[in-house]
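Colleague: Fold the following.
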Amino acid sequence: QANLVESGGGLVQPGGSLTLSCVASGFTFGNRAMAWARQVPGKERERIACITAKGEPKDYADSVLGRFTISRDDVKNMVFLQMHNLKPDDTAVYYCSSVIYWHCNGAPGYWGQGTQVTVSS
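Modeller: Sure thing, here's the model as predicted:
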């Protein structure tokens, strides 16, 4: 049974940084692209970053490009999202997901339960 568990969310001031982590189990992690998405109440979930099974290339939404970095550790079956220069608009529940292919041009497969990130002074 596939399982994704996110951690690392919390409250941070504008301009601050956070790193989210996601540990995966129950599927062949090294064969799948992995992604981070976020959702605010009343809006659709938005993919913001994706990394292929090969580690490159990486895709980012325009809203986070240059501020967020996605990475993966295939030994530990983990994917990370480093977030810098956080803004109040980054406040959302952040979700880790697998992708159905090794590349990022595919639908999400498995989802984690999400972790709340709140950017506020």
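
Colleague: Distance of A35 relative to G112?
Modeller: Applying Cβ to Cβ, to the nearest Å, the value for A35 to G112 is 11 Å. For the C-beta atoms, the positions are set from N, CA and C on the backbone; glycine is no exception.

Colleague: Can you check which residues contact both of the two?
Modeller: Residues touching both A35 and G112 (Cβ atoms under 8 Å, 6 or more residues apart in numbering): C96, S97.

Colleague: Which one of those two is surrounded by more residues?
Modeller: Ranked by neighbour count (other Cβ atoms under 10 Å), A35 and G112 place A35 first, with 25 against 22.

Colleague: With adjacent residues omitted, what lies nearest to the more buried one?
Modeller: C50 (4.1 Å; Cβ to Cβ, 6 or more residues apart in numbering).

Colleague: And the pLDDT for that neighbour?
Modeller: Looking at C50, its pLDDT is 98.

Colleague: which stretch of helix or strand covers it?
Modeller: Assigned by DSSP states H and E, C50 belongs to strand 46-51.

Colleague: Within its sheet, name the partner strands of that strand and how each one runs.
Modeller: With DSSP bridges as the test, strand 46-51 is paired with strand 34-39 (antiparallel), strand 58-60 (antiparallel).

Colleague: Show me what the mean pLDDT comes to for the last one.
Modeller: It refers to strand 58-60. Strand 58-60 comes out with an average pLDDT of 96.
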